[in-house]
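>>> Okay, sequence plus prediction incoming.
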Amino acid sequence: MILHKQSMVNMSNNLANCVELSGMTNNEVAAAKGVTPETLRRHKNGKIQMTIRDAEHYARILNVSIAEILFKEAPIPVIGSNIIQKESIERTLHTPQKYEVYGLTNYEVDRAAILWEIAKPYTGQFYDWDGAVQTCKLKPIVDKYVDQDCFQHISVVKSKTPFPSQEIDQKGKPTQLTAGVVYPQPHGLFTVHNGKFGHTYTDLDLEWAAPTLSVVFRPDLVGIIIKKVGE
């Protein structure tokens, strides 16, 4: 799960800091990369865009990860993944965390990501979600509460009891996860309506609900990297 090698990364990077921490001189790094010191300087200050292949080469030279070369900011944790099937969505929380996302620089710290893919073969209306990265608030998930920003807006939710068979996990069992517009009911219960799938669940006792913030359909074209934790 990484960008194409020739994709250009148009953003400020962390190359200068990595070079400084390595103890190598600019001339040594440039020679190892096979570029002039001036090209290295222009890579460091963003005057020349690096490709992922460039970043990969620098990472090997400096003994760091590609993400450390490309990004100054901390990664966003991936909390789970969704796989779109013909008549259902497999929704799975990752415990422990498996992936993290770099490059969503316009967002605050309180963010979590969800990865999307479609089962093969799939020809339904959600084909464009294959490879998408969705973000939502992280704090409601960690602290287990229903965020009021969810009310009358699309959100990711976890019920205290499993949903019907349309909502399943990767083992084919009913899951406690779904998504939709959240409406508060009396006595601390909730309704969740997903108009795209025609699902309406009422009288829900929710463990948590986190508002959806964004969906990036082509992360490979906007400088976003998804990598395994610890790589």
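Happy to help now that I have it. Numbers count the residues shown, from 1 in each chain.
>>> Point out where the protein drops to low pLDDT.
Applying pLDDT under 70 to the predicted model, the residue ranges of the chain that meet it are 1-11, 105-109, 165-166, 170, 231.
>>> Tell me the buried residues in stretch 121-134?
In terms of neighbour count (16 or more other Cβ atoms under 10 Å), stretch 121-134 has its buried residues at W129, G131, A132, V133, Q134. Every C-beta, even on glycine, is put in place using the N, C-alpha and C of the backbone.
>>> let me redo that: stretch 12-19
Residues of stretch 12-19 classed as buried by neighbour count (16+ other Cβ under 10 Å): N13, N14, L15, A16, C18, V19.
>>> show me what contacts the closest residue to D143 other than its chain neighbours?
Counting by Cβ to Cβ, 6 or more residues apart in numbering, D143 lies nearest to W208, which is 7.8 Å off, once chain neighbours are set aside. Contacts for W208 (Cβ atoms under 8 Å, 6 or more residues apart in numbering) come out as P140, I141, D143, K144, Y145, V146, D147, V157, K158.
>>> And N82, by the same measure?
Neighbour list for N82: I89, E90, R91, T92, I114, L115, W116, E117, Q134 [criterion: Cβ under 8 Å, 6+ apart].
>>> which of the residues in the host helix or strand of it are buried?
Taking DSSP states H and E as the criterion, N82 maps to strand 76-84. Buried residues in strand 76-84, counted by 16+ other Cβ under 10 Å: I76, P77, V78, I79, G80, S81, N82, I83, I84.
>>> related to what we said a few turns ago, are any of the contacts of N82 buried, and which?
Of the members of the contacts of N82, the ones counted as buried by neighbours, 16+ other Cβ under 10 Å, are I89, E90, R91, T92, I114, L115, W116, Q134.
>>> Give the burial count for the residue lying closest to A119 once chain neighbours are set aside, as a bare number.
The shortest distance from A119 to any non-neighbouring residue, by Cβ to Cβ, 6+ apart, is to Q85 (4.9 Å). Summarising burial for Q85: neighbours were counted as other Cβ atoms under 10 Å, giving 14.
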